[in-house]
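>>> Got a predicted structure here, sequence first:
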Amino acid sequence: MMKILPSILSAHFAYLADEVHDVARDVDMIHVDVMDGRFVPNITMGANVVEALKRESKVAQDVHLMVEEPIHLLPDFLAAGADMISVHVEACKHVHRAIQIIKEGGAKAGVALNPATPAAVLDSILRDVDYVLIMTVDPGFGGQRFIPSMLHKIRAVARMIQEKQVPVKIEVDGGINSETLPLCLEAGAELFVAGSAIFNAEDRHAAIETLLRSAQEK
Ligand SMILES: O=C(CO)[C@H](O)[C@H](O)COP(=O)(O)O
Ligand SMILES: [Fe+2]
């Protein structure tokens, strides 16, 4: 089952609750980009925003931690009510420990891979995670252009999942729009993060419809 996850990175931060309510009419999960100013150049938001939005809306939250050594932050995000949490393999010395903490905290655990990180790194991780987040741009900013060679990586990860027969989902993030979504879907992705394609549109409902339609046209 494919899903669209609006990334609130491109929402109007001064009206965040309204922005979330706007998209929550059409989706059951949003994507929350947490940036620390070290792993990536920007600083965005922390667990307090997840908690505040949980109080405002029933929509599930997928938290993408673009944070160096994120383990110390996991208890706060779990207590805040994050439903899915991903950590970057490039940022984590002890990936399995992070995955264990996330799962024991009751959330789905994911690992995120930068575009330059090869799929082979998943060999010793795939059995332990619920999802793999394949970055289709270098993380740090919304509104960047999709990197086409990531389609090979999506296919490679889909093959690994099939070979190992594990129930792992592939999520893609960065430059997802009605042109790139069907390509990623065909390659094996199931969860589609879209920031600017949704929040830069005047009519978010129509933007989400356009993305969903692009999947059917394929
Ligand atoms: O993780 C991210 C950036 O690091 C965002 O989730 C992503 O960039 C979404 O924005 P867009 O759809 O505009 O590319
Ligand atoms: Fe993200």
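Structure's in. What do you need? Numbering: from 1, shown residues only. Ligands and ions are numbered 1, 2, ... in the order given.

>>> For the protein, give me the ranges with low pLDDT.
For the chain, the stretches flagged by pLDDT under 70 are 218.

>>> What distance do you get for the residue in it that ligand 1 sits nearest to to Val27?
In the chain, the residue found nearest to ligand 1 is Gly195; the distance is 2.8 Å by CB to the nearest ligand atom. Heads up, the C-betas are built off the backbone N, CA and C, glycines and all. Separation of Gly195 from Val27 (CB to CB, to the nearest Å): 13 Å.

>>> for Leu122, same thing?
27 Å.

>>> Can you pull the residues of the protein lying near ligand 1?
When proximity is defined by CB under 6 Å from any ligand atom, the chain lies next to ligand 1 at 7, 9-10, 31, 33, 64, 66, 137, 139-144, 173-176, 193-197.

>>> Between Gly195 and Val27, which has more neighbouring residues?
Gly195 (24 against 19; other CB atoms under 10 Å).

>>> that's a strand at Gln61, yeah?
Yes - with DSSP: H, G, I helix; E, B strand; the rest coil as the criterion, Gln61 is part of a strand.

>>> what pairs with it across the strands?
Ile30 (DSSP bridges).

>>> ok, now which ones touch Asp123?
By CB atoms under 8 Å, 6 or more residues apart in numbering, the contact set of Asp123 is Met160.

>>> sec struct for the residue in the chain positioned nearest to ligand 2, please.
Residue nearest to ligand 2 within the chain: His64 (3.7 Å; CB to the ion). Under three-state DSSP, the three-state class of His64 is strand.

>>> quick revisit: now the common contact residues for Gly195 and Val27.
Shared contacts of Gly195 and Val27, defined by CB under 8 Å, 6+ apart, comprise Pro6.

>>> how near is Glu171 to Ala119?
Distance from Glu171 to Ala119, by CB to CB: 14 Å.
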